[in-house]
Structure formats: C-alpha cells, structure tokens
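> Dropping the sequence and predicted coords here.
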2 protein chains.
Amino acid sequence: MTTALRADAQRNLVRVLDAAREVFAEQGIDAPVTDIAERAGVGVGTIFRRFPTKDDLLVAVVEQRTVQLIDAADAALESTDPGAALRSFMETAAAMHISDVCWCEAGSDLFGRDGIRELIDVLVGKMGELLTRAQTAGQVRSDVRALDIPVLLMAVAKSGLMLEEAVPGAWKRYLGIILDGLRPEAARPLPRRPLSRREFAAARDGQTA
Amino acid sequence: MTTALRADAQRNLVRVLDAAREVFAEQGIDAPVTDIAERAGVGVGTIFRRFPTKDDLLVAVVEQRTVQLIDAADAALESTDPGAALRSFMETAAAMHISDVCWCEAGSDLFGRDGIRELIDVLVGKMGELLTRAQTAGQVRSDVRALDIPVLLMAVAKSGLMLEEAVPGAWKRYLGIILDGLRPEAARPLPRRPLSRREFAAARDGQTA
DNA sequence: CCGTAACCGGAGTCCTGAGTCCGTTTCGTG
DNA sequence: CACGAAACGGACTCAGGACTCCGGTTACGG
C-alpha cells in the first residue's frame, strides 16, 4: 500500500478539487460530475477513482470551505474591538456563504459527516468566543447564544442567494437588519429558548430529536 | 369545446390538487409525480391529462399558497394595532412558509410565472400597507421598505427549515431577532439602499438586471 | 338501457446523470 | 531504454423520474 501518488495523479487530484469547488459553488450540489470533469480537463473515471462517490467529492469540498470559515473566525478574533470583530466576521462569513451555492444547499447529509461534524463544532466554538466577547463589551444582547450565529448566517445567505444574481450584494442590507436585531437593548424577550447543544447536533446530523 | 368536467374527472382533479399540495409541501419541489398519483389514488396518466407538465401542477399549487398569504395579510389589515398587525402577520406568514417546503424552494421559475407574478405583486402591496401603518405608528424603523418583508420572511423560512425537523418551532426565535432588527431606533444606517421595484422584479422573474 | 365520447390506469419510452470497465497511455525504476 | 504498474478517458450500464399511449372503464344523453 503506497501512500505517494504518482506525479500525474497528484496533479489531476488538485485540478479535480479546484474544478469541483468552482462548479459546486456556482451550480450547487446538483451539478453533474461530468461538468467538473470537463472543467478539470479530465475524464469522469479519473474523478471516481479518487472519490468513489460524488458525495465523497462534496464532502472534500465542504470540508475546505469549513476550514476557510474557521480561518475567518480566527482572523476576527485578532481584533481588539469585540463588537466590530463579530460584525466583520459575520459580514465576511456571509459573503463566503453567498459565493458558494453548494454550501448554502448543504444539509445534515453533509454537515453531519464524520470529518465535517467536528470542524463545524470548532467553527461554532470560535463564533461563541466572538459572541461572548461582544456581549461582555456590552455590544450585543445577552440572550443570544453561539448556536444562533450559524443559523442567522444561513438565513442571510439563503435569502440573499435568491437576489444575488439580479441584485448583487443585496444580502448586506438584510445582514444589517439582523445585526440591528442583535443590539443590546432587546425590544422584547425572544419567543423561544435558545437551541440546546443536543438540538443543534440533532439538526446538524439529521436526527429527529 | 365543453367547459364542464365529467363528474369523476372533477372529483379526481380535486384529489390531485389536494395530494399535490400535501406532497410538495412535505417533500419539496423534487417530489416525484408518482407519489402524488399514489396519494391521490389515481394513475399518473390522470394527472398529466389535466396538467401537461409537472411544472403546471406546481404553478397551480403555488398559486393557491400565494392566495392564502394574501388572505393572511388581509386578516392582519383588520387589526387596529399597526405594530402588532405587522408582527402577527409575519409570524403567520413565516409559519405558512415553514409548513411548505415547496414554497421555500420556489424561485424565479415559479414566482415569475404569469399567474403568480401578479399575485406576488398584490401580496407585496398588502405587506407594504401593513408596514407603512406600523411605521406611521412609530413601531417600525422608517428605512425599511415593503420589498424587504418578503425577503426577511424567506430568510426566516429557509433557515428555519434546516432546523424544523429536529427542533420544531425554532424559527420563532429567529423571527424574533429580525423583528427586533425592525425596531424604530436603528443602531446604524443600513449598508445598502433598498431594493428598487425593478430590482425586485428582476429577481422574481429570474433576469439579470 | 344503450351507445359513445370522455376518462382512467399504469406499463412502456425516453432522457439525464451516477458510477463501471477496460483498452490505451504515462510514469518511474532497474 | 524497457517494462510493469499505475493512471487515464470516455463509452457503457443502470436507476430514477417525467411524460406517452392505448386497451379497458365510466358517465350520461337519448
């Protein structure tokens, strides 16, 4: 069992991943594998040899994107202004969401996968840190929780995507409204208790409880 | 050219529409037509005779749902408390969105269709009336516009749907945050000018400008 | 009660897209 | 350079789902 890939195989692997990232980002999860093969300048056989299933390819791509989001959170954690840090992270993250149709279409089938599940948890942890700091600085209402952040980002992204082609950047307006909804002085208590860790995990993994 | 349907045909038409509404609401736009035929207790031929295309069936179903939303808006317009009217309409409308996967998956391919486009305009008009009243009463910030309401509802619905199976009703929490974002005293001006009528129409109809 | 036109059901067709297979080509080592 | 192993490509197979077609059935006017 050799672990080193032949030079051409290595080259093609990179090409395939790049092409998959682009095509899935543009066309979404239902993009046909042949499109990816074509963009990579490769036969479909080459793709399926490395990724036995289209789904495996999707997992690889989504993993990459999750890591990018984690990096963005880390970058925001460098900031010394906690309120601005959270806001700028959410803007960056939303932009990343919007530029990746596939990410916005992903559900428990992907987010619950073995390699990804753990990355999501790391990401949510960083979001929680950003949030807590902003709350401690009195910049954000205290009744929101870390688990609310990914949901709100998805809300901006999924609705923003409907407009994006016709009105690029429109999502920033709606992120603005949501950020205003996170201000410290709440008009009235939120109508539902926060998501528990268990509930979030169930949604992420596609279970019913 | 007879306009009156035979009795059994009429009966089946109703069954088909009911089944389609249910199946599309549960499974979304990609539900196979055979599922609808089965639920209606009818052969697929019977469906395609009345609706030459699955798409035609979808249009009929989405039209119905749009009318229901218009009715909900009308009901809210009866209220004497403008702020509560807008809030309760948004809650009702969001619940209707959430209970209909197909509606949440619909895009310009459906919303831009001839019969539906006009209904959407009527609906947005009513939303505008609810909003204006709430703004006049000083209950809602003045820089939001009628066209923002459907977008925000879609934001709640699309993100809420991700959670709905595992955590029913979670969407209410996020609607709450958004409603707080609509309070009169804005923290900072919204980062993007409102959607123009032209921009909204382009997004609704799937054009690029 | 009969005749016929409208209607019904679902097996069959066609198409799209995932995943396989194998003859051909390329890499890299002796 | 030669040769075996690894990798390649894309025609092929297979499954699922939209839509068709026609032999059988049902409604309803006379």
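In hand now; what should we look at?
> residue ranges for the helices of chain A, please.
A:7-27, A:33-40, A:44-50, A:54-77, A:82-98, A:101-105, A:108-111, A:114-136, A:148-164, A:171-181, A:197-205 (DSSP state H).
> Next, format those as TSV and append mean neighbour count, distance to residue A:191 and mean pLDDT.
C-beta coordinates here come from the backbone N, C-alpha and C atoms, glycine included. Listed next are the helices of chain A as TSV, based on neighbours: other CB atoms under 10 Å in any protein chain shown; distance: least, CB to CB, whole Å; pLDDT from 0 to 100:
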stretch	mean neighbour count	distance to residue A:191	mean pLDDT
helix A:7-27	17	35	98
helix A:33-40	18	43	98
helix A:44-50	16	47	98
helix A:54-77	18	28	98
helix A:82-98	21	22	98
helix A:101-105	20	26	98
helix A:108-111	18	25	97
helix A:114-136	18	20	98
helix A:148-164	23	13	98
helix A:171-181	23	13	98
helix A:197-205	18	16	97
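> how about those in TSV, adding distance to DNA strand D?
TSV is the format used below for the helices of chain A (distance: least, CB to the nearest atom of the strand, whole Å):
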stretch	distance to DNA strand D
helix A:7-27	3
helix A:33-40	7
helix A:44-50	2
helix A:54-77	13
helix A:82-98	28
helix A:101-105	17
helix A:108-111	15
helix A:114-136	22
helix A:148-164	22
helix A:171-181	31
helix A:197-205	23
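> Turn those into JSON lines, including distance to residue B:91.
What follows is these, written out as JSON lines (distance: least, CB to CB, whole Å):
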{"stretch": "helix A:7-27", "distance to residue B:91": "34"}
{"stretch": "helix A:33-40", "distance to residue B:91": "41"}
{"stretch": "helix A:44-50", "distance to residue B:91": "46"}
{"stretch": "helix A:54-77", "distance to residue B:91": "31"}
{"stretch": "helix A:82-98", "distance to residue B:91": "25"}
{"stretch": "helix A:101-105", "distance to residue B:91": "25"}
{"stretch": "helix A:108-111", "distance to residue B:91": "26"}
{"stretch": "helix A:114-136", "distance to residue B:91": "26"}
{"stretch": "helix A:148-164", "distance to residue B:91": "16"}
{"stretch": "helix A:171-181", "distance to residue B:91": "15"}
{"stretch": "helix A:197-205", "distance to residue B:91": "21"}
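> closest to residue B:183 out of these?
Checking these against residue B:183 by CB to CB gives helix A:171-181 as the closest, at 7.5 Å.
> now that closest one: how far from the chain's centre is it?
Distance of helix A:171-181 from the chain centroid (CA atoms, centre = their mean, to the nearest Å) equals 18 Å.
> now swap in stretch A:48-66 and tell me
The answer for stretch A:48-66 is 15 Å, by CA atoms, centre = their mean.
> if you look at it, does any of it touch DNA strand C?
Yes - contact of stretch A:48-66 with DNA strand C (CB under 7 Å from any atom of the strand) involves A:48-49, A:52-55.
> Out of those residues, which comes closest to residue B:60?
Relative to residue B:60, the closest of these is residue A:54; by CB to CB it sits at 33.3 Å.
> what's the domain layout of chain A?
Domain ranges of chain A: A:7-52, A:58-185+A:193-205, per automatic domain parsing.
> is it true that residue A:72 touches residue A:96?
Yes - assessed by CB atoms under 8 Å, residue A:72 is found in contact with residue A:96 at 6.9 Å.
> if we can go back for a sec, and the domains of chain A as CSV, adding distance to residue B:130?
As requested, the domains of chain A are exported to CSV (distance: least, CB to CB, whole Å):
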stretch, distance to residue B:130
domain A:7-52, 34
domain A:58-185+A:193-205, 17
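> For residue B:16, find the nearest of these.
domain A:7-52 (26.9 Å).
> check whether the closest one contacts chain B.
No - counting by CB under 8 Å from any CB of the partner chain, chain B has no neighbours in domain A:7-52; the shortest distance is 9.5 Å.
> any idea how far residue B:170 is from the residue nearest to residue A:16 when sequence neighbours are not counted?
Nearest in space to residue A:16, with sequence neighbours left out and distances taken as CB to CB, 6 or more residues apart in numbering or on different chains, is residue A:40 at 4.8 Å. Separation of residue A:40 from residue B:170 (CB to CB, to the nearest Å): 39 Å.
> What sits closest to the residue in chain A positioned nearest to chain B if chain neighbours are left out?
Closest residue of chain A to chain B, CB to the nearest CB: residue A:181 (3.1 Å). Counting by CB to CB, 6+ apart, residue A:181 lies nearest to residue B:181, which is 3.1 Å off, once chain neighbours are set aside.
> For residue B:156, see how far away the one you found is.
Per CB to CB, residue B:181 is found 12 Å from residue B:156.
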